[in-house]
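[1] okay, sequence plus prediction incoming.
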Amino acid sequence: MTIEERKSTTTGVIQNLILENRGKLSISGVLDVLSFDDQVVIVETELGLLTVKGDNIRINKLSIDTSEVIIEGDISSMSYTDKNVEKNKTSMLSKIFK
């Protein structure tokens, strides 16, 4: 997809990623946390799957009411994957609320 196609595609969804000093990442528009460990966190957002990589990563805040997640640690990369990619059927939140 070219940059022009991305600009012309309007999703109607507003999502914010705020990275502070590569140590604290605030994400809005979160639907689910699919998996996490101390090096990788995979979050399902309204705009696709977001993979956050780094060292000593931990989820500091998870709010279902406000659809926000705060991740802290030494963050080295963030990348999106299209929503059409098949996701793991057993997410962290579904395990918690069984």
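    Thanks, I have it. Numbers count the residues shown, from 1 in each chain.

[2] what count of nearby residues applies to the closest residue to residue 28 other than its chain neighbours?
    Computed as Cβ to Cβ, 6 or more residues apart in numbering, the closest residue to residue 28 that is not its neighbour in sequence is residue 16, at 4.6 Å. (C-beta placed from N, C-alpha, C; glycine too.) Using other Cβ atoms under 10 Å, the number of residues around residue 16 comes to 9.

[3] residue 56 now?
    Neighbours around residue 56, by other Cβ under 10 Å: 11.

[4] re the thing from before, contacting residues for the residue nearest to residue 28?
    Taking Cβ atoms under 8 Å, 6 or more residues apart in numbering, we find residue 16 in contact with 26, 27, 28, 29.

[5] show me which of those are buried.
    26, 27, 28, 29 (16 or more other Cβ atoms under 10 Å).

[6] restricted to strands, list the residues you listed.
    Here DSSP state E is the test, and the buried ones among the contacts of residue 16 give 26, 27, 28 as lying in strands.

[7] closest to residue 59 among these?
    Distances from residue 59 to those, taken as Cβ to Cβ, are shortest for residue 27 (10.3 Å).

[8] give the bridge partners for the closest one, please.
    With DSSP bridges applied, residue 27 shows beta-bridge pairing to residue 17, residue 69.

[9] that one against residue 45, yeah?
    Yes. Using Cβ atoms under 8 Å, residue 27 is in contact with residue 45, at 6.8 Å.

[10] overlap in contacts, the two.
    With Cβ under 8 Å, 6+ apart, residue 27 and residue 45 have common neighbours residue 15.

[11] for the chain, just list every one of the helices.
    3-8, 92-96 (DSSP state H).
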